[in-house]
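>>> below: sequence and its predicted model.
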Amino acid sequence: MNDSEKTLPPLTPGTLYLVATPIGNLEDITLRALRVLKECDVVAAEDTRRTGQLLKHFGLSKPMISYFQFNEARRSEEILERLQRGEKIALVTDAGSPGISDPGERVVRAARLAGLRVESVPGPCALVAALTASGLPTDEFHFIGFLPHKSGQRRKRLEALKAFEGTLVLYESPYRIEKLLGELSEVFVGRTIVMARELTKKFEEFFRGTPVELLELLQKRSLKGEFVVMIGPAEELVEEGEFERQDQN
Ligand code: SAM
């Protein structure tokens, strides 16, 4: 143990730590995240195999329990019981900040309602990384996360979002990104779209243009990977033909 580690307070028993992990670039892990992962009693992970690899990369080894969308209810109870016994639990999802469009919300709510301690160990989050680097207004934004899968429901949600005055931020899977841009080209005609792909990774890219321009790009160049799609406010109108791939070098 070095001098700076000696002065750090120990983790608090009976606390649920929400540990943010890299969204691509492993250098983005924080010193605090590493210490919590090292000193906790157990790691509750969305995918134990994936988190196991992360722990291994940083030379850590910990007992793990799985906590994912389809066992959230049952596992939440177990996590609460463990916290009540005084365990220190680190909750980790596949990438980014637990609870933002991934499991976490339910167990946090249950822990709070039971009067248990919850601490955030902040770090990477695709929403923040994309929005802050987009060039779109950041003073007022609305985070939607993933749209519903069904076409009718998606359309209804998008129509309802049209009236919002700030920047809209959506997560989308690579399988539905083309569908999303098709929908935006009908609902958000002429609005500025910024699409962030593969944030923090080697092939990170930002694109700015109208929905039609970005749709054409996707039809020409099959883009894989992870995406955050942002819709600028109505006054950020772009002219057709202003499309640009924003240089990352
Ligand atoms: N909790 C995570 C966070 O803090 O951002 C988000 C989890 S959600 C299940 C995964 C979605 O986040 C992806 O489908 C994509 O929309 C977005 N995402 C995650 N990593 C990304 C990256 N490196 N580049 C672009 N989008 C990313």
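Received the coordinates, thanks.

>>> CA atoms for contacts and neighbours, from now on please.
Will do.

>>> quick one: name the residues of the protein near the ligand.
Listed as neighbours of the ligand in the chain under the rule C-alpha under 6 Å from any ligand atom: 23-24, 95-98, 100-102, 125-127, 171-173, 196-200, 226-228.

>>> of these, buried ones?
23-24, 95-98, 102, 125-127, 171-172, 196-200, 226-228 (16 or more other C-alpha atoms under 10 Å).

>>> the protein: strands as residue ranges?
Using DSSP state E, the strands assigned to the chain run over residues 15-19, 42-45, 64-66, 89-92, 117-121, 141-145, 167-172, 193-197, 205-209, 227-231, 244-246.

>>> so which of those is the most surrounded?
strand 89-92 (a mean of 28; mean count of other C-alpha atoms under 10 Å).

>>> and the contacts of that one?
Outside strand 89-92, the residues within contact range by C-alpha atoms under 8 Å, 6 or more residues apart in numbering are 14-21, 36-37, 40-46, 51, 79, 83, 98, 104.

>>> what do you get for stretch 125-133?
Contacts for stretch 125-133 (C-alpha under 8 Å, 6+ apart): 20, 23, 96-97, 138, 143, 169, 196, 199, 228, 230.

>>> could you pick out the longest helix of the protein?
helix 72-84 (DSSP state H).

>>> quick check: the gap between the closest residue to residue 147 other than its chain neighbours and residue 7.
Distances taken as C-alpha to C-alpha, 6 or more residues apart in numbering place residue 154 nearest to residue 147, at 5.9 Å, with adjacent residues excluded. Distance, residue 154 to residue 7, using C-alpha to C-alpha, to the nearest Å: 51 Å.

>>> higher neighbour count, those two?
Neighbour totals were compared for residue 154 and residue 7, and residue 154 leads with 16 against 8 (other C-alpha atoms under 10 Å).

>>> what about the helices in the chain?
3-7, 31-39, 48-57, 72-84, 105-113, 126-134, 151-161, 177-187, 211-220.

>>> looking at this protein, which helix or strand is least sure?
helix 3-7 (a mean of 63; mean pLDDT, DSSP states H and E).
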